[in-house]
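Undergrad: Structure of the sequence below:
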Amino acid sequence: MYPVQLPAGGPGITPQASGSSTMQYIPPFASGEASTPAPVPVADFVSPPRPNVGGQGRTIQLRANYFQISIPKGFIQHYEVAISPDKCPRRVNREIIESMVQAYSAKIFRGEKPVFDGRKNLYSRILLPFERERVELEVTLPGEGKDRIFKVAIKWASQVNLYALEEALSGRTQQIPFDAIQALDVVMRHQPSMTYTPVGRSFFTQPKTKHHPLGGGREVWFGFHQSVRPSNWKMMLNIDVSATAFYKAQPVTEFMCDVLELRDLQDQKRPLTDSQRVKFTKEIKESGQTVECTVARYFYERYKIRLMYPYLPCLQVGQEQKHTYLPLEVCNIVGGQRCIKKLTDMQTSTMIKATARSAPDRERDINSLVSKANFSGDPYLYQFGVRVNPKMVEVEGRVIDAPKIQYGGRTKALAIPNQGVWDMRGKQFYNGIEIRVWAIACFATQKSVKEEALRSFTQQLQRISNDAGMPICGQPCFCKYASGPEHVDPMFQYLKNKFQGLQLIVVILPGKTPVYAEVKRVGDITFGLATQCVQAKNVTRTSAQTLSNLCLKINVKLGGINSILLPSIRPAVFREPVIFIGADVTHPPAGDSSKPSIAAVVGSMDGHPSRYSASVRVQEHRKEIIQDLSFMVKDLLMEFYKSTLFKPARIIFYRNGVSEGQFQQVLSYELRAIRQACINLDVGYQPGITFIVVQKRHHTRLFCSDPRDQIGRSGNIPAGTTVDHGICHPTEFDFFLCSHAGIQVHFFIFSSFINKFFSSINSSSLLL
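TA: Numbering: from 1, shown residues only. Here you go, the predicted structure:
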């Protein structure tokens, strides 16, 4: 561990590994910006080769939801397709291509069954007779009223070499041919895309028997995720259960009842006012005159339909320039429409309950999906010579020992986590903060949280905090009731001015309320006051566990240190000053195009590491690349130096939320931005950078082969389980790690330097 205070050698002395006889002098950052540093080329960053398999920990036999694919030899022909009129949905495009193949089966396709991705890519096992010439075919789809005619232009694009894929899987070449992976993925997805409702890489079917309504006209649809992935010596098919929200197929009037929570429209016979009643102008073509009539009258005169709910508003459909109004009761919600808007808290809770299942149940469901998929009977797979093994692949994992945690106080007690959790009873914070001046602001009503409940909560909080080594002294200097977010600013201003040295404001909230956001805005940004929010239900019915968790949060917010890694087991990476940085971008929900995305970067500020500083920026809507990363990292590096008086010799950068399709784009920009931040501080400052992409939203699931290894009622794999071969990338450095029960994280390692750090990563001790 490097000290916070300067050693005798002067500012910037960097500790060496034990046994070293020399000390390296690192001068402080140069004042101001470096003068126009040269841009950092991406070629300077080296992606580390896949290391040998790790050896730490006990072995465990596992099954993964991966199924081995036998791929054909030779070539696949790739054609580009252009359909006009364009801008048709993928479903319609697939119907067009399917009709085209049937109509021209003998003349063009010679009985072959090509596959199509729904957009512009078509693959055939053979070279079509027009070879590399462009051909245009006419396709007719029967429609309601009249047939629809489309023109399809096909042109040869490239030849996909499956031999190159085989060479890469065997390790004889380093580059995985993306075009071959893409072609195989389209082959595997063609039949399901024609059978089910595709959403991204998943396929869904409408519930036939058991329905799971979410409210608001939405329901849960179950399906499966499917993707083709390269692995050591073989291709794999990743299959997982999946679920998402769809709109129910139902009359619009029933949908309105669901949304407005009405039992029956018959009970809602209050007619709309004249200003609300929709009228429209109908042009009488014969006479060129116009008349004004109600929608109800028009439908009776035109279609002999007498409306049951003439008082209800209408739906506006069609083009914006030419409004068309339809009564709700003659419209239906078409099935198969995915709900892209954010679910309410209640709907999310219902979704979680409907989809939750134990690991053994999930494994059975996946095997059932594979059995129903009947890959051996898929005519397209047969045509291309692709075979799928219906049994899950077996892999050997390792269960890494949990790191030992050291606490403070007189006993300096140790904690050894068990399945990702440990007991704090009888332990005190490594560095607990004494709280002398604090206040309580209750935004719940006095009826729901009585004064006696506040008094009892205060006493219990003080008792638990004292036991934890974070003494809260005396009574709060202020304890008042308030209501509404508009009272937050004046109250906090009063507290700031009235009570010198105010350390903490405990805020009681009645539930989900706008008060929370205002408390954090005013406390964190306006006045710089530490705040701790507590739900009213946890005040009236509190528990030692809840209070202990509150103390953990409060101590860190006030600058304390809850616990540290036992110094004797610290990995070699800590022998030099190192900063750990985590970064993520939060996007607004789908369908909301007005709100920006929020980029957040946090960095460790000590050698434990236990204290962190944050930098937050608003950026372009749904932009995944962190646009101001160079400035944000520079700020964190400066804060690190102010806190420790050392410059980081290494930067370990954890990046969340990046999909594999975004790797190259994000890495190209953000690695350069991190290096640029260093150069902007000092032209000669070039610390080692390790870039780690962390994926939580993946579909790899690991199951214990031996039921005796399963943990708890959920039957999950043990915390600390690591898999670094069998289902991992054949050439890139990635592995799976279950840091605590039930959450399996996929790590990809990218770096600009190669050294002993990877032996630490290989043991996964830094990531637990």
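Undergrad: Model confidence for Ser170, exactly?
TA: In this prediction, Ser170 carries a pLDDT score of 88.
Undergrad: One more: Pro3?
TA: Predicted confidence (pLDDT) for Pro3: 40.
Undergrad: and what of the one 5 residues further on?
TA: According to the prediction, Ala8 has pLDDT 32.
Undergrad: Helices along the stretch 301-450 of the chain, start to end?
TA: Along the stretch 301-450 of the chain, the segments classed as helices by DSSP state H, counting those that start in this stretch run 345-355, 359-373, 379-384.
Undergrad: Which of these sits closest to Gly684?
TA: Of all the helices of the stretch 301-450 of the chain, helix 345-355 sits nearest to Gly684, with 50.8 Å by C-beta to C-beta. Any C-beta I mention is one placed from the backbone N, CA and C, and that applies to glycine too.
Undergrad: Can you say which of the helices of the stretch 301-450 of the chain is nearest to Cys473?
TA: helix 345-355 (37.7 Å).
Undergrad: Now do that closest one: which elements does it pack against?
TA: Contact analysis of helix 345-355 by 3 or more C-beta pairs under 8 Å, 6 or more residues apart in numbering; DSSP states H and E lists strand 213-215, strand 218-231, strand 234-247 as its packing neighbours.
Undergrad: Direction included, what does the shortest one pair up with?
TA: Which is strand 213-215. With DSSP bridges as the test, strand 213-215 is paired with strand 218-231 (antiparallel).
Undergrad: chain center to the partner strand: distance?
TA: 15 Å (C-alpha atoms, centre = their mean, to the nearest Å).
Undergrad: burial count for Gln500?
TA: 7 (other C-beta atoms under 10 Å).
Undergrad: now it: how far from Val507?
TA: To Val507, Gln500 is 20 Å away according to C-beta to C-beta, to the nearest Å.
Undergrad: Next: Leu681.
TA: 38 Å.
Undergrad: Let me see the backbone angles for Phe116.
TA: phi -140, psi 140 (degrees, to the nearest 10).
Undergrad: Tell me, how many residues neighbour it?
TA: Phe116 is flanked by 24 other residues according to other C-beta under 10 Å.
Undergrad: residues touching it, list them.
TA: 81, 93-94, 97, 122-123, 186, 190 (C-beta atoms under 8 Å, 6 or more residues apart in numbering).
Undergrad: Select from those residues the one having the most neighbours.
TA: Highest neighbour count within these: His190, with 26 neighbours (other C-beta under 10 Å).
Undergrad: picking up where we left off before, distance to Ile579 and mean pLDDT added to the helices of the stretch 301-450 of the chain, as CSV?
TA: Output for the helices of the stretch 301-450 of the chain, formatted as CSV (distance: least, C-beta to C-beta, whole Å; pLDDT from 0 to 100):
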stretch, distance to Ile579, mean pLDDT
helix 345-355, 35, 93
helix 359-373, 37, 97
helix 379-384, 50, 96
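Undergrad: Now do the helices in the stretch 451-600 of the chain.
TA: 451-467, 488-498, 514-520, 536-540, 544-557.
Undergrad: circling back to that earlier point, which ones among the contacts of Phe116 map onto helices?
TA: Mapping those onto helices (DSSP state H) picks out 93-94, 97, 186, 190.
Undergrad: Figure out which of the helices of the stretch 451-600 of the chain is closest to Ser604.
TA: Closest among these, using C-beta to C-beta: helix 544-557, at 12.6 Å.
Undergrad: Quick one: closest of the helices of the stretch 301-450 of the chain to Val393.
TA: Nearest to Val393, of all these, is helix 359-373, at 12.0 Å by C-beta to C-beta.
Undergrad: List every C-alpha atom in that closest one, with coordinates, as PDB.
TA: Extracted in PDB, the C-alpha atoms of helix 359-373 (Å, rounded to 0.1, in the frame of the first residue of the first chain):
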ATOM      1  CA  ALA A 359     -31.000 -22.300 -12.100                       C
ATOM      2  CA  PRO A 360     -32.100 -25.900 -12.500                       C
ATOM      3  CA  ASP A 361     -35.500 -24.800 -13.800                       C
ATOM      4  CA  ARG A 362     -33.800 -22.400 -16.300                       C
ATOM      5  CA  GLU A 363     -31.600 -25.300 -17.500                       C
ATOM      6  CA  ARG A 364     -34.600 -27.500 -18.000                       C
ATOM      7  CA  ASP A 365     -36.400 -24.700 -19.900                       C
ATOM      8  CA  ILE A 366     -33.400 -24.200 -22.200                       C
ATOM      9  CA  ASN A 367     -33.100 -27.900 -23.000                       C
ATOM     10  CA  SER A 368     -36.800 -27.900 -23.700                       C
ATOM     11  CA  LEU A 369     -36.300 -25.000 -26.100                       C
ATOM     12  CA  VAL A 370     -33.600 -26.800 -27.900                       C
ATOM     13  CA  SER A 371     -35.700 -29.900 -28.200                       C
ATOM     14  CA  LYS A 372     -38.700 -27.900 -29.600                       C
ATOM     15  CA  ALA A 373     -36.400 -26.100 -32.100                       C
END
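Undergrad: related to what we said a few turns ago, with mean pLDDT as added columns, please give the helices and strands packed on helix 345-355 in a markdown table.
TA: What follows is the helices and strands packed on helix 345-355, written out as a markdown table (pLDDT from 0 to 100):
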| stretch | mean pLDDT |
| --- | --- |
| strand 213-215 | 95 |
| strand 218-231 | 96 |
| strand 234-247 | 97 |
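Undergrad: In a markdown table, list those along with distance to Val658.
TA: As requested, these are exported to a markdown table (distance: least, C-beta to C-beta, whole Å):
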| stretch | distance to Val658 |
| --- | --- |
| strand 213-215 | 30 |
| strand 218-231 | 16 |
| strand 234-247 | 18 |
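Undergrad: Same list, those strands, but as JSON lines with distance to Ile154 and mean neighbour count please.
TA: Output for these, formatted as JSON lines (distance: least, C-beta to C-beta, whole Å; neighbours: other C-beta atoms under 10 Å):
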{"stretch": "strand 213-215", "distance to Ile154": "43", "mean neighbour count": "17"}
{"stretch": "strand 218-231", "distance to Ile154": "24", "mean neighbour count": "21"}
{"stretch": "strand 234-247", "distance to Ile154": "27", "mean neighbour count": "20"}
